[in-house]
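Chemist: Pasting the sequence and the predicted model now:
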Amino acid sequence: MQCRLDGQVAVVTGGSSGLGRGIALLFAEAGASVVVNYHSGAEAAAEVVRQIEAAGGRAIAVGADVSQQAEVDAMFGRAIEAFGGVDVVVANSGIQKDAAVADMTLDQWRQVIDTNLTGQFLCAQAAVRQFRRQGERGASRALGKIVHMSSVHEVIPWAGHVNYAASKGGVMMLMKTLAQEVAPERIRVNSIAPGAIRTNINKAATEGAAAEQLLKLIPYKRIGAAEDVARAALFLASDMADYITGATLFVDGGMTLYPGFEDNG
């Protein structure tokens, strides 16, 4: 058995850049037809689609704000219209609006919670409804698979980022509670919690002197790449992980091992 998604349809939110882009490309390589969701990066999403099609795969780009139920429903409608169903949903869209707690505006709080937590709820809800509606499709042992994108900050407090950390703590319990609820239907729900991953968005924090400081927090002594997270997502979405549900897979080089205590504190 291999980590393959042949004959399956995957919706990847935030698929135009960073982790989502890596996941969309790898899922297509593994045989899936991919819905590349974007919010503002239309051209970047189109480029991901072009790369997939150039390699012989199938993909479409669909714009949607995942915090808006009507737009999420429309995105699933486009997926079904194009490919006939949905087998995997990777709820990856996320944003940061950082500020010290006393300075954080209500709008900054709401934007992050709306995208990172409510957005994942809406995508998971739409996925469960679609899995039930379409029934057994024969492409996977599960009726459907959902992969939530969390963060090491579902367990590691992060001063100055209270909205982000709260959203990811919420994702953890969203995932576990949903997994418990739908497991009897053979719908698998898991999440990935990345640590420090090098993407275009966070170059300033992962290069040069900043990278040297960051490595002090990573026992494995390298900064992750989008491909590290994409491979974890592919495993969780494949039949290789068919007996795994309600689990968080930390992809963090050991960041959650509390490296500050490696010499007994």
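Modeler: Looks like it came in fine. Numbering: from 1, shown residues only.
Chemist: going forward, measure contacts and count neighbours with C-alpha atoms only.
Modeler: Fine.
Chemist: State the distance from the most centrally placed residue in the chain to residue 10.
Modeler: Most central in the chain under Cα atoms, centre = their mean is residue 92, positioned 2.8 Å from the mean C-alpha point. Noted for residue 92: a distance of 12 Å to residue 10, by Cα to Cα, to the nearest Å.
Chemist: Over to residue 167?
Modeler: As it turns out, when the distance is counted by Cα to Cα, residue 167 lies 24 Å from residue 10.
Chemist: Stretch 76-86: how far from the chain's middle?
Modeler: Relative to the centre of its chain, stretch 76-86 is centred 19 Å away, using Cα atoms, centre = their mean, to the nearest Å.
Chemist: chain center to the longest strand belonging to the chain, what's the gap?
Modeler: With DSSP state E setting the assignment, residue counts place strand 187-194 as the longest strand in the chain. Remark: strand 187-194 is offset 8 Å from the chain centroid, using Cα atoms, centre = their mean.
Chemist: and residue 181, how many neighbours does it have?
Modeler: Residue 181 sits with 12 neighbouring residues when counted by other Cα atoms under 10 Å.
Chemist: Could you check which helix or strand contains it?
Modeler: Secondary structure assigned from DSSP states H and E places residue 181 in helix 162-182.
Chemist: Just the CA coordinates for that helix, please, in CSV.
Modeler: What follows is helix 162-182 as a C-alpha-only set of coordinates in CSV (Å, rounded to 0.1, in the frame of the first residue of the first chain):
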residue,chain,number,x,y,z
VAL,A,162,-3.3,35.7,21.6
ASN,A,163,-5.8,35.6,18.8
TYR,A,164,-3.7,33.1,16.8
ALA,A,165,-2.9,30.8,19.7
ALA,A,166,-6.6,30.9,20.8
SER,A,167,-7.7,30.0,17.2
LYS,A,168,-5.3,27.0,17.1
GLY,A,169,-6.3,25.8,20.5
GLY,A,170,-9.9,25.9,19.2
VAL,A,171,-8.9,23.9,16.1
MET,A,172,-7.5,21.2,18.3
MET,A,173,-10.9,20.7,20.1
LEU,A,174,-12.9,21.2,17.0
MET,A,175,-11.0,18.4,15.3
LYS,A,176,-11.2,16.0,18.3
THR,A,177,-14.9,16.6,18.9
LEU,A,178,-15.8,16.3,15.3
ALA,A,179,-13.7,13.1,14.9
GLN,A,180,-15.6,11.6,17.9
GLU,A,181,-18.9,12.5,16.4
VAL,A,182,-18.4,11.2,12.8
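Chemist: Apart from its chain neighbours, what residue comes closest to residue 258?
Modeler: With Cα to Cα, 6 or more residues apart in numbering as the measure, residue 217 is the residue that lies nearest to residue 258, at 7.9 Å, once sequence neighbours are left out.
Chemist: For that neighbour, give me its contacts.
Modeler: Contacts here follow Cα atoms under 8 Å, 6 or more residues apart in numbering; on that basis residue 217 touches 255, 258-260.
Chemist: I figured residue 224 was touching residue 254, is that so?
Modeler: No - under the criterion of Cα atoms under 8 Å, residue 224 is not in contact with residue 254, lying 10.9 Å apart.
Chemist: Comparing these two, which shows the higher neighbour count?
Modeler: Neighbours per residue, other Cα under 10 Å: of residue 224 and residue 254, the larger number sits with residue 224, 20 against 16.
Chemist: show me the residues around the more buried one that make contact.
Modeler: So, once contact is read as Cα under 8 Å, 6+ apart, residue 224 ends up touching 195-198, 252-253.
Chemist: swap in residue 22?
Modeler: For residue 22, the set of contacting residues under the criterion of Cα under 8 Å, 6+ apart consists of 15, 226-227, 229-230.
Chemist: where are the low-confidence patches of the stretch 101-250 of the chain?
Modeler: When the per-residue scores of the stretch 101-250 of the chain are filtered using pLDDT under 70, no range remains.
Chemist: which residues of it fall in strands?
Modeler: For the stretch 101-250 of the chain, the strands identified by DSSP state E, counting those that start in this stretch occupy 144-149, 187-194, 197-198, 224-225, 248-251, in order along the chain.
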